[in-house]
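Novice: Sequence first, predicted coordinates after that:
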Amino acid sequence: MPAPSPWRARHLDAIRAGDPAPLIAERDIVRVSDTTDVWDAWPVQRRDGHPFTLADGAQVWMALAAPRFPDPDERHGHARITLFRRAADGAWRELGPAMPDGFSPGSREWSGSAIAEPDGALTLYFTAAGRRGEPALSFEQRMFRARATLGADGRCTAWRDLAEIVPLDPAHYMPTTAGGGIGTIKAWRDPSYFRDECGRHWLTFAASLAGSPSAFNGVVGAAWAAAETPEDWRLVPPIVSADGLNNELERPHLVAHGGRVYLFWSTQAHVFDPAGPVGPTGLYGMVAPSVEGPWQPLNGSGLVFANPPEAPAQAYSWMVLPDLSVTSFVDNWGGGDVRRFGATFAPFLHLALDGASAALRQD
C-alpha cells in the first residue's frame, strides 16, 4: 500500500461559499418513536452496496438508538444498534434492538454496516465500545463481526459467530484506551463494508494515527480480504490522513460511481485543530481510481456540503448510497442558543458527482 493520501490545512483554503444543505424546519422532523432517540444510521445492504429489499419492497435499516434523556449527550453511554423497517412509501417503523441482550461484548454498541445475502444470511460489522460489565464506561473500541438470519419481517434471529476483526496494529494505529471525552477520544470504530470491481472485500473505519505529535491525528483505516475469502481480513496502513488537521473522520465509507471510487466521511467543526484553519460541520470526501489511491479531495477542499450557517449543527452522520442519495439524522436543528436535538432521520439529500467535483443535486 502507498503512503496515506493527505488531507491538510492547505486543502481547506480551497473552501468557497457554495450551496449548503437545506435548512431543516419543524415540518421536516418526523420522529420514529416518542421514547427512543435515533442517530447514526445505515441500511442493510447487498454486497453491491444497494439496500437489501424484503419481499414486500421494504428495506431494513439499523441505527444507534437510546431512551430519551434530558441531556442528549447521555445517549452515547446507552447506545444500542436498533432495527427499523422503511416501507416502500418511506414510512419508518422501529423493530427493537438488533442483537439480543448480553450478546454484544461491549458496554455500548456503536456504528458499523451490515450485508445480507439473497437467502437472508446477514453479517453485521460493528463497534463494541467499552466492555460488558465494566464498572465505569470506557472509550475503548473494538470492531466485531456477527452473523444472523434476516427474516421476512425485518427482524434478525439466530445470532452467532461473534468474532473480533482486524485487531489494532500499534505500528500504524493509536490505541483507544487512553481515555478522553466526546470530541477528543481516539478512534477504532465504524467499520463499513465495500466490494470493489475486482471482487475484493474492504472495510474502512475511523482511526487515529500512531506516533503523531498532534492531538488532531484522525485517519481513515482499511482492511481487505480476497474475493474468495471474504472474512480473512488483512489490516493495511491508513488510506487517508488528516494528521495535524482533524481528530475524527467519522463513519468513512466507499461508493463506486462513474469508474471511480469515492470515499466519504463526516466531521464536526469542533474536532479541527483550533489553530486553524477550521472547516464547517459537514460531509467531506475524496476520489481515487481504486481504494489504494491516490486520493484527491473533492472540490479541491474535501468539503462536499456543510450545514447551513444559520443552523451549523442541524444534521450529522451523513451516508452516501450507490444511487447518490444521502441519509443523516437531525441533530441540533433550528440554530439559536437553545439546543433542540431532533433525534430522528433527516430528509434525504441527493448528490451530483462529476470526477473530482461534488455538489448537492438541485431537484
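Specialist: Yes, it's here. Residues are numbered from 1 along each chain as shown.
Novice: Helices of the stretch 1-150 of the chain, residue ranges please.
Specialist: Shown for the stretch 1-150 of the chain, the helices assigned by DSSP state H, counting those that start in this stretch span residues 9-12.
Novice: Could you pull out the strands in it for me?
Specialist: Assigned by DSSP state E, counting those that start in this stretch, the stretch 1-150 of the chain shows strands spanning 5-6, 36-45, 59-67, 80-86, 92-97, 108-116, 121-129, 141-150.
Novice: May I see those strands organised as CSV, with distance to residue 241 added?
Specialist: For the C-beta atoms, the positions are set from N, CA and C on the backbone; glycine is no exception. What follows is those, written out as CSV (distance: least, C-beta to C-beta, whole Å):
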stretch, distance to residue 241
strand 5-6, 6
strand 36-45, 23
strand 59-67, 26
strand 80-86, 29
strand 92-97, 35
strand 108-116, 21
strand 121-129, 21
strand 141-150, 19
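Novice: May I see those organised as TSV, with distance to residue 246 and mean neighbour count added?
Specialist: Compiled in TSV, the strands of the stretch 1-150 of the chain are given as follows (distance: least, C-beta to C-beta, whole Å; neighbours: other C-beta atoms under 10 Å):
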stretch	distance to residue 246	mean neighbour count
strand 5-6	12	18
strand 36-45	18	23
strand 59-67	22	23
strand 80-86	26	22
strand 92-97	32	15
strand 108-116	18	24
strand 121-129	19	22
strand 141-150	18	21
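Novice: Redo these as JSON lines? Include distance to residue 159 and mean pLDDT.
Specialist: JSON lines is the format used below for those (distance: least, C-beta to C-beta, whole Å; pLDDT from 0 to 100):
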{"stretch": "strand 5-6", "distance to residue 159": "37", "mean pLDDT": "98"}
{"stretch": "strand 36-45", "distance to residue 159": "14", "mean pLDDT": "97"}
{"stretch": "strand 59-67", "distance to residue 159": "13", "mean pLDDT": "98"}
{"stretch": "strand 80-86", "distance to residue 159": "11", "mean pLDDT": "98"}
{"stretch": "strand 92-97", "distance to residue 159": "11", "mean pLDDT": "96"}
{"stretch": "strand 108-116", "distance to residue 159": "12", "mean pLDDT": "98"}
{"stretch": "strand 121-129", "distance to residue 159": "9", "mean pLDDT": "98"}
{"stretch": "strand 141-150", "distance to residue 159": "5", "mean pLDDT": "98"}
